[in-house]
Structures are given as C-alpha cells and as structure tokens.
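[1] okay, here's the prediction I keep looking at, along with the sequence it came from:
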Amino acid sequence: QVQLVESGGGLVQAGGSLKLSCAASGSIFSINVMGWYRQAPGKQRELVATIPSIGRTNYADSVKGRFTISRDNAKNTVSLQMNSLKPEDTGVYYCNADIKRTYYTSSYNYWGQGTQVTVAS
C-alpha cells in the first residue's frame, strides 16, 4: 500500500504564512510528479502547484510569487510554503503524487486525505 499524509494546515490571518508538508510511504519504487491541489467550499478541486522529479515547477497564476513548492526525493516528501496568504486561499489542500510501486508496474495517481487551510480576513 501507498499512503500520502499531509500536515501543516491551520488558521492564519491574511498576510500570514503556512507551510504544508506531505510524506509518501509504503511500497515505492519511484515518484514522478508531486503536487498540491485545493478545494474551496462549493468549488471544484484546482491545481495549486506541481513539481516533477526533474524539471520545472508549475504554479497556478493565483499563487505565483506567493507559494513555493519543493520536494526531497530521498525522503519522498513534498512541501508547500505559502506566504502572503489571502482569504481566497482558504480550502482543503490535497497532496498528489504519481507513484511507481515497482520497476515493472505503471504509475498510479495517489491522493492524501487533505488538510484544512483557513485564512481569516
């Protein structure tokens, strides 16, 4: 089994900062893309940022310049540093990863359980 476990959510005032972390565990051969998505109440889940094992990061326009995604390939972790938070950043943040469990198997997409981020105005 593979698990993604997020941590670091909470309540913060507008303009503040939070750092989310996600650790992948279980039977893992390799991880391609890791990323963060969020879902606000009454809205669809949307991409926040992604980072491949090698290559360029990708950010939603709404978070560019404020959020930074990073990963530690040795530890199978991905983090999201969120600065200058706005009330519209409020939502449940989900960790996502494309994971190969063995050399011979295809990659599968996995999701964490989500962590709540609330930004008060």
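    Structure received.
[2] how about the spatially most distant residue from the centre of the chain, phi and psi?
    Computed with CA atoms, centre = their mean, the residue of the chain farthest from its C-alpha average is Tyr104, at 26.5 Å. When read as degrees, to the nearest 10, the backbone of Tyr104 gives phi -90, psi -20.
[3] start at 546 instead
    Noted, 546 is the first residue going forward, which turns the last one into Tyr649.
[4] gap between it and Val578?
    20 Å (CB to CB, to the nearest Å). (Each C-beta comes from the backbone N, C-alpha and C, glycine too.)
[5] do Gln546 as well
    20 Å.
[6] who's more crowded, those two?
    The residue with more neighbours, out of Gln546 and Val578, is Val578; 18 against 7, by other CB atoms under 10 Å.
[7] per-residue confidence averaged over the host helix or strand of the more buried one?
    Val578 is part of strand 575-584 when elements are defined by DSSP states H and E. For strand 575-584, mean pLDDT is 97.
[8] can you tell me which residue is spatially central in the protein?
    Trp581 (2.5 Å).
[9] what are the bridge partners for that residue, then?
    Trp581 has the following beta-bridge partners by DSSP bridges: Ala594, Cys640.
[10] what's near enough to touch it?
    Leu565, Cys567, Val593, Ala594, Thr595, Ile614, Val623, Leu625, Tyr638, Tyr639, Cys640, Asn641 (CB atoms under 8 Å, 6 or more residues apart in numbering).
[11] now do Ser562
    Gln626, Met627, Asn628, Ser629, Leu630.
[12] my guess is the third one contacts Val608. True?
    No. No contact is recorded between Asn628 and Val608 when judged using CB atoms under 8 Å, the distance being 9.8 Å.
[13] look at the two and report which has more neighbours.
    Val608 (22 against 14).
[14] looking at it, the more buried one is touching Leu592, isn't it?
    No. The criterion here is CB under 8 Å, and Val608 misses it with Leu592 at 9.6 Å.
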